[in-house]
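> Need the 3D shape of this:
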Amino acid sequence: MDEVPEPHNGWTFLTNHARVLAAIADNRSARVRDIAARCRITERAVQKIIADLEQAGYLSHIRQGRGNSYQIDPAKTLRHPTEADQGLTVATLLALLVQDEAHRMAPDSERTHAPA
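Model (predicted):
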């Protein structure tokens, strides 16, 4: 049996819902087990988050063989009133997360540094 991911203590900038959504955006056919490992949360937590996202209309899935293929609604506005009032969408959030990931994965020589 797989080991339960070590929990994180303290606060973070992103919620587990955002992490799961970003993991799905990166791999639309990811297994719950793989999402849980990437996000460092339990499989049960991932299942609950996926259910939340589907119920709110951010995510849907179709069964493909023994797995699922997920579809994200990129035009859906974010839930917090501050972001919703500005019209910020799931696509905006995912673009920021993908951009950050691409930046962190680039070799140091390719990174742009802000002036001091």
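
> Next, the buried residues of the host helix or strand of residue 38.
Counting by DSSP states H and E, the element that carries residue 38 is helix 32-39. By neighbour count with 16 or more other CB atoms under 10 Å, helix 32-39 contains the buried residues 32, 35-39. Quick note: C-beta positions are derived from backbone N, CA and C, even for glycine.

> Same question for stretch 54-62.
Buried residues in stretch 54-62, counting neighbours by 16+ other CB under 10 Å, are found at 58-59, 61.

> Likewise for stretch 73-90?
Buried, per 16+ other CB under 10 Å, within stretch 73-90: 77-78, 89-90.

> go on, stretch 66-73?
68, 70, 72.

> packing partners for the helix holding residue 38?
With contacts taken as 3 or more CB pairs under 8 Å, 6 or more residues apart in numbering; DSSP states H and E, helix 32-39 sits against helix 16-26, helix 43-55.

> Recalculate using a threshold of 10 Å.
For helix 32-39, the packing partners by 3 or more CB pairs under 10 Å, 6 or more residues apart in numbering; DSSP states H and E come out as helix 16-26, helix 43-55, strand 67-72.

> Mind checking the ones you listed for the one nearest to residue 82?
helix 16-26 (14.8 Å; CB to CB).
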